[in-house]
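**Q** return atomic coordinates for the entry below.
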Amino acid sequence: MKPDLHRFPLLVAWEMTRACLLACQHCRASAVPDPLPDELSTAEGLKLLRELATYTPKPILLPTGGDPLARPDLFLLLEEAQRLGLKVGITPAVTPRLTREVVARFRELGVHQMAISLDGASPETHDGFRGVPGTFALALKALTWAKEVGLMTQVNTTVTRRTAKELPGIAEILSEKGVATWEVFFLVPVGRGALLEQLSPEGYEEVMHLLYELSRRHPFKVRTTEGPMFRRIVLERRQREGGQDGALVGEGRGAHVSDGFGFVFVAANGEVYPSGFLPLSAGNVRETPLLQIYRESPIFQALRNKALLKGKCGVCEYRELCGGSRARAYAETGDYLESDPRCAYIPRTWGQMPLA
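**A** I've put the predicted structure just below:
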């Protein structure tokens, strides 16, 4: 049975800290070397985890950052998540804090999946993007360590003009390392990522067709973040190839999650956002339970109502399946209900619409 995403989130990302030793060019959080003074305390973090455990079904917890390993209480919090029966997918930064022992500890604490970032197929391209030499080599080591202890892995890749050509080479590495999921992030110009060059709408379309082809050649699942148009590409390609209409590559969650719809982001200071890429606060967990914010916030309610979408997204026949990136619409137009400016698709009825 599919979860009711109007009542409960399926994925809860918790930015445990802004602290990180890296200086990635695309960093949404504009991470800094040291923790911020107003980050959620251990007690507040435990309270949040205990609230999540009351949801039906329990959501998947995604500890992120910054670098979760920069929090001295990380393993205590993971122990509590394990006790509560929460499924955890953690995204540590690839720094000297990430060791073989740490990866083994993740496995012992019942972490379901560890996500590692890889934005290039060579040390030159990846380390240049990440801002620190040696991160490519350490990322590959971490994937090997996880495979040795039986910890499932995911690789996160951010697509920009600079990294798009690296995708086939990255896919080869993922196959070699036995990675289960490839999460491809389509750049939203926020944080330090505002300085990077995005692809054109036609460029994004080409990349999504490439991802589909790579997904057919390799064993891992492919998913996209801020690239819901991929669902349309998959559906069209499968129909063309005579496949099942509803079997979308890499979906696997039983629902089409998007910003504020099945997904919620808790910032380091407790502010609640529809995603880490859509910086519109709907409240703070220090003052209001997360579930109340998720259900009652006008922003979240609007994002869950696809009938409110504007422009070509509002009349698109793939509106419910895709809906465009709300974060990118906000970043580029100032209106999170506007059309996704990086979508090349023209809806069937768009040319028939009367001019305002």
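**Q** tell me the first helix or strand C-terminal of the longest strand seen in the chain.
**A** Once the chain is assigned using DSSP state E, the strand that runs over the most residues is strand 152-159. Moving toward the C-terminus from strand 152-159, the next helix or strand (DSSP states H and E) is helix 167-177.
**Q** so how far is that next one off the chain centroid?
**A** Centroid separation for helix 167-177 versus its chain: 19 Å, with Cα atoms, centre = their mean, to the nearest Å.
**Q** next, the buried residues of that helix.
**A** By 16 or more other Cβ atoms under 10 Å, the buried positions in helix 167-177 come out as Leu167, Ile170, Ala171, Ile173, Leu174, Lys177. All C-beta atoms are positioned from the backbone trio N, CA, C, and that covers glycine.
**Q** what about the last one, distance to Ala104?
**A** With distances taken as Cβ to Cβ, to the nearest Å, Lys177 is found 17 Å from Ala104.
**Q** again, but for the first one
**A** With the distance defined as Cβ to Cβ, Leu167 ends up 31 Å from Ala104.
**Q** and if you look at the second one?
**A** In this structure, Ile170 and Ala104 are 25 Å apart, going by Cβ to Cβ.
**Q** how about the strands in the stretch 1-150 of the chain?
**A** 11-15, 60-64, 87-90, 113-117 (DSSP state E, counting those that start in this stretch).
**Q** list the buried residues for stretch 213-220?
**A** For stretch 213-220, by 16+ other Cβ under 10 Å, it's Leu214, Ser215, Phe220.
**Q** out of these, which sit inside helices?
**A** Leu214, Ser215 (DSSP state H).
**Q** next, format the strands of the stretch 1-150 of the chain as JSON lines and append distance to Gly283 and mean pLDDT.
**A** JSON lines is the format used below for the strands of the stretch 1-150 of the chain (distance: least, Cβ to Cβ, whole Å; pLDDT from 0 to 100):
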{"stretch": "strand 11-15", "distance to Gly283": "14", "mean pLDDT": "98"}
{"stretch": "strand 60-64", "distance to Gly283": "19", "mean pLDDT": "98"}
{"stretch": "strand 87-90", "distance to Gly283": "24", "mean pLDDT": "98"}
{"stretch": "strand 113-117", "distance to Gly283": "27", "mean pLDDT": "97"}
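**Q** pLDDT weak spots in the chain?
**A** 1, 23-32, 191-196, 243-254, 352-356 (pLDDT under 70).
**Q** which residue lies nearest the spatial centre of it?
**A** Thr225 (4.8 Å; Cα atoms, centre = their mean).
**Q** show the contacting residues for that one.
**A** Contact analysis of Thr225 by Cβ atoms under 8 Å, 6 or more residues apart in numbering lists Glu183, Val184, Phe185, Phe186.
**Q** and Thr91, how close does it get to Gly65?
**A** Distance from Thr91 to Gly65, by Cβ to Cβ: 7 Å.
**Q** kindly report the same for Gly169.
**A** In terms of Cβ to Cβ, Gly169 sits 27 Å off from Gly65.
**Q** got it, and Gly89?
**A** Distance from Gly89 to Gly65, by Cβ to Cβ: 14 Å.
**Q** the two: which is more packed in?
**A** Gly65 (25 against 20; other Cβ atoms under 10 Å).
**Q** burial of the residue lying closest to that one once chain neighbours are set aside, as a residue count?
**A** Excluding its sequence neighbours, the residue lying closest to Gly65 (Cβ to Cβ, 6 or more residues apart in numbering) is Thr17, at 5.2 Å. Thr17: 25 surrounding residues under other Cβ under 10 Å.
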